[in-house]
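Visitor: sharing a model that was predicted from the sequence below.
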Amino acid sequence: MSEERPAWYPDELAHAGPEHLDDAYVQGYDRKAQTDPAEDLTLLRELGLNEESTLVDLGAGTGAFALAAAPLCRRVVAVDVSPAMIDYLRRQADQRGIDNLDCVRAGFLSYEHRGESVDIVYTRNALHHLPDFWKAIALQRIAGMLKPGGVLRLHDLVYSFAPSETPEVVARWLAGAASDPAQGWTAEEFETHLREEYSTFSWLLEPMLAQAGFDIADVVHRPSRTYSAYTCIKRE
């Protein structure tokens with residue numbers, strides 16, 4: 001973390017999550033997460049991603065998206081708090097001969113961008129690790145590193161329902177969970193997420209995005225109403 005950070009800032013690096021520090025878990029993460037970068041890359045290319053672009057992937061994990069984006073960009077910076085994830089990502093980049101991908105151990109509140117300003121920030125299933133107060137700070141920091149007109153592509157567990165609907169929506173969510181933890185997220189893992197992590201409601205997240213200086217160009221809420229994807233443009 002930067003020395004300039006006040007003492008009241010959380011230490012993100014101390015909260016990587018025990019599973020993310022486990023090499024065996026990291027090795028199987030991509031199979032479990034089943035992430036396909038193709039759709040996001042198509043969308044981002046339509047929004048201007050090209051061989052001159054600088055892209056920052058916050059909460060990059062094992063780097064499925066960052067590795068796929070690197071051949072299309074001038075520079076990709078993959079940021080994650082987990083040393084095991086970063087080590088895995090570096091090995092993957094080396095094996096593929098990718099030399100325009102920088103790996104940085106940091107988080108939303110501790111990453112300090114160096115070099116040319118950023119055209120695109122991508123983040124998937126990571127912002128929910130921060131409580132809402134710190135989400136708002138993180139979004140402001142993201143806006144600060146983006147060029148005017150730059151793109152934030154945000155995927156996360158976001159609750160697009162009213163609090164009164166919680167029991168019904170959560171029951172359906174748990175019923176649709178995977179039975180095999182190697183192949184997807186189980187009901188027990190969703191329950192842990194609900195108890196211990198910080199997913200927020202869409203009607204709280206969207207004003208945070210506006211306050212940070214973003215216009216929401218597009219949002220898709222999944223039928224489960226527990227997951228959303230946002231495309232946001234930094235105001236000029």
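Guide: The structure has been received and is ready for your questions. Residues are numbered from 1 along each chain as shown.
Visitor: downstream of the lowest-mean-pLDDT helix or strand in the chain, the next helix or strand is which one?
Guide: Least confident helix or strand, the chain: helix 23-33 with a mean of 68, by mean pLDDT, DSSP states H and E. Sequence order places helix 38-46 as the next helix or strand after helix 23-33, per DSSP states H and E.
Visitor: relative orientation of the helix or strand immediately after that next one in the chain and helix 38-46 in degrees?
Guide: Going down the chain from helix 38-46, the next helix or strand is strand 54-58, by DSSP H and E. Note on geometry: by axes from the mean of the first three to the mean of the last three C-alpha atoms, to 10 degrees, strand 54-58 and helix 38-46 are set 140 degrees apart in direction.
Visitor: helix or strand right after the longest strand seen in the chain?
Guide: In the chain, assigned by DSSP state E, the strand with the most residues is strand 146-156. Next along the chain after strand 146-156, taking DSSP H and E as the criterion, comes strand 158-159.
Visitor: now the strands for this protein?
Guide: 54-58, 75-80, 101-105, 118-124, 146-156, 158-159, 200-201, 214-221, 228-234.
Visitor: rebuild the ones you listed as CSV, extending it with mean neighbour count, mean pLDDT and distance to Leu194.
Guide: Glycine gets a C-beta too; all of them are placed from N, C-alpha and C. As requested, the strands of the chain are exported to CSV (neighbours: other C-beta atoms under 10 Å; pLDDT from 0 to 100; distance: least, C-beta to C-beta, whole Å):
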stretch, mean neighbour count, mean pLDDT, distance to Leu194
strand 54-58, 25, 98, 23
strand 75-80, 25, 98, 23
strand 101-105, 19, 97, 28
strand 118-124, 23, 98, 19
strand 146-156, 20, 98, 14
strand 158-159, 25, 98, 10
strand 200-201, 17, 98, 12
strand 214-221, 15, 98, 18
strand 228-234, 21, 98, 16
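Visitor: turn those into CSV, including distance to Glu165.
Guide: Below are those laid out as CSV (distance: least, C-beta to C-beta, whole Å):
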stretch, distance to Glu165
strand 54-58, 30
strand 75-80, 33
strand 101-105, 39
strand 118-124, 25
strand 146-156, 19
strand 158-159, 9
strand 200-201, 11
strand 214-221, 13
strand 228-234, 15
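Visitor: nearest to Ala33, out of the ones you listed?
Guide: Using C-beta to C-beta as the measure, strand 118-124 is the one of the strands of the chain that comes nearest Ala33, at 8.8 Å.
Visitor: got the angle between that closest one and strand 146-156?
Guide: With the same axes, to 10 degrees as the basis, strand 118-124 and strand 146-156 are set at 10 degrees to each other.
Visitor: output strand 118-124 as PDB - backbone C-alpha positions only.
Guide: Output of strand 118-124 as PDB, limited to C-alpha atoms (Å, rounded to 0.1, in the frame of the first residue of the first chain):
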ATOM      1  CA  VAL A 118      -6.100   4.400 -19.000                       C
ATOM      2  CA  ASP A 119      -8.600   3.800 -21.800                       C
ATOM      3  CA  ILE A 120     -10.500   0.900 -20.200                       C
ATOM      4  CA  VAL A 121     -10.900  -0.500 -16.600                       C
ATOM      5  CA  TYR A 122     -12.300  -4.000 -16.300                       C
ATOM      6  CA  THR A 123     -13.300  -5.700 -13.100                       C
ATOM      7  CA  ARG A 124     -15.200  -8.900 -12.600                       C
END
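Visitor: fine, thanks again, bye for now.
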